[in-house]
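Chemist: mind folding the following:
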Amino acid sequence: MNGDHPLPAMLEHARPRAPVDLMNWPWFSLAKTPRTASIRYQGKKHSVHVAPVAGATGIATIWDADILIWATAQLVQAQDERLPISRRLIAPASRVLGFLGRGAGRSQYVRLTAAIDRLAGTIVETTLGATADAPIRFRWIEAWEATPAGVLLTLPDWLLTSVRQRRVLSIDPDYFGLTGGIERWLWLLARKHAAQQSTGWIVSLDLLYARSGSAARHCDFVAALRRLARSGRLLTYRLDPVWHRGKEGVRIGRYAVPIHSATLVPGDNPGFLSTNRGDRL
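Modeler: Residues are numbered from 1 along each chain as shown. Next up, the predicted model:
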């Protein structure tokens, strides 16, 4: 961290971006009802454990994670403009809501506060990014307060490290308009895995369920995936139901634009996409 001064997170040209590892692992609840049950995922190389702190109403949701996308966008833009970056960001709540395409009514401010509380009330333990054998622990928001200048957030070093290493990808602004938890999660996963594969990315529905961390029943989750696959499209991605190696699955590929263009923008780091960093589905 560069000093203790918060970064005024009001850079006009910031475009939505997210850390790659935020797209690839089961960090968030996909349900709109509160989830108090923890998420546990053990992959081939890395583990993830997400739980609420004592007294919290539930773990952070995939809609709450929009705030982390906003924060990442501001940090990347600041870095591009050669400004000193810090894990402390400050901005009027109206700026955050405007970036996310949300209204400025009182109900939206209440929801924003509730989302920040859930992010601050969620403990993450993971081996991703750990430099030793022991996992690292953090909260999505380590601390926050409302000040006359706006909302002051303290982010985890884990997220700041992703920005410094340029392990980020651009996010389609229309993503914020997706209303379903499963479709949001699947779009982020597709952005990570399908954008660079010319023939599309094939994955089984069973593996998607295992990777999601969803608390839904397997049959309900798979039914939702089937409906998405039959729709044929998820924003910038085409979806095709397939059978692969004897299992029901889906092929996900770029829709109506060349695969190689993949919406990469300055600040993205596509180099790691072709290497094996962690688990594969």
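
Chemist: residues contacting the helix or strand where residue 211 lies, please?
Modeler: Taking DSSP states H and E as the criterion, residue 211 maps to helix 205-212. Contacts made with helix 205-212 from outside it, assessed by CB atoms under 8 Å, 6 or more residues apart in numbering, are listed as 25-26, 30, 41, 182, 185-186, 189, 218, 221-222, 225-226, 247-250, 281. For glycine as for every other residue, the C-beta is placed from the backbone atoms N, C-alpha and C.

Chemist: now list the buried members of those.
Modeler: Neighbour counting by 16 or more other CB atoms under 10 Å classes 25-26, 30, 41, 182, 185-186, 189, 221-222, 225, 249-250 among these as buried.

Chemist: tell me where the stretch 151-281 of the chain has strands.
Modeler: Secondary structure of the stretch 151-281 of the chain (DSSP state E, counting those that start in this stretch): strands at 168-170, 201-204, 233-234, 237-244, 247-254.

Chemist: per-residue confidence averaged over the fourth one?
Modeler: Put plainly, it is strand 237-244. If you average the pLDDT over strand 237-244, you get 91.

Chemist: before we move on, back to that, mind putting the buried ones among the contacts of helix 205-212 in TSV, pLDDT and distance to residue 126 included?
Modeler: Formatted as TSV, these follow (pLDDT from 0 to 100; distance: CB to CB, whole Å):
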residue	pLDDT	distance to residue 126
25	94	8
26	96	11
30	97	18
41	95	9
182	96	22
185	97	17
186	96	21
189	95	17
221	96	23
222	96	26
225	95	25
249	94	27
250	94	27
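
Chemist: could I get these as a markdown table with distance to residue 211?
Modeler: Listed next are the buried ones among the contacts of helix 205-212 as a markdown table, based on distance: CB to CB, whole Å:
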| residue | distance to residue 211 |
| --- | --- |
| 25 | 8 |
| 26 | 6 |
| 30 | 12 |
| 41 | 7 |
| 182 | 12 |
| 185 | 9 |
| 186 | 10 |
| 189 | 7 |
| 221 | 11 |
| 222 | 13 |
| 225 | 12 |
| 249 | 13 |
| 250 | 13 |
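
Chemist: nearest to residue 50 among these?
Modeler: Within those, distances to residue 50 taken as CB to CB reach their minimum at residue 26, with 7.5 Å.

Chemist: low-confidence ranges, the stretch 51-200 of the chain, go.
Modeler: Along the stretch 51-200 of the chain, the model assigns pLDDT under 70 to residues 195-198.

Chemist: pull up the gap between residue 167 and residue 210, please.
Modeler: Here the distance between residue 167 and residue 210 works out to 24 Å (CB to CB, to the nearest Å).

Chemist: same check on residue 173?
Modeler: Residue 173 is 30 Å from residue 210, by CB to CB.

Chemist: neighbour count winner among these two?
Modeler: residue 210 (16 against 12; other CB atoms under 10 Å).

Chemist: circling back: buried ones in the helix holding residue 211, by neighbour count?
Modeler: For helix 205-212, by 16+ other CB under 10 Å, it's 205, 208, 209, 210, 211, 212.

Chemist: can you check stretch 172-184 too?
Modeler: By neighbour count with 16+ other CB under 10 Å, stretch 172-184 contains the buried residues 175, 176, 178, 181, 182, 183, 184.
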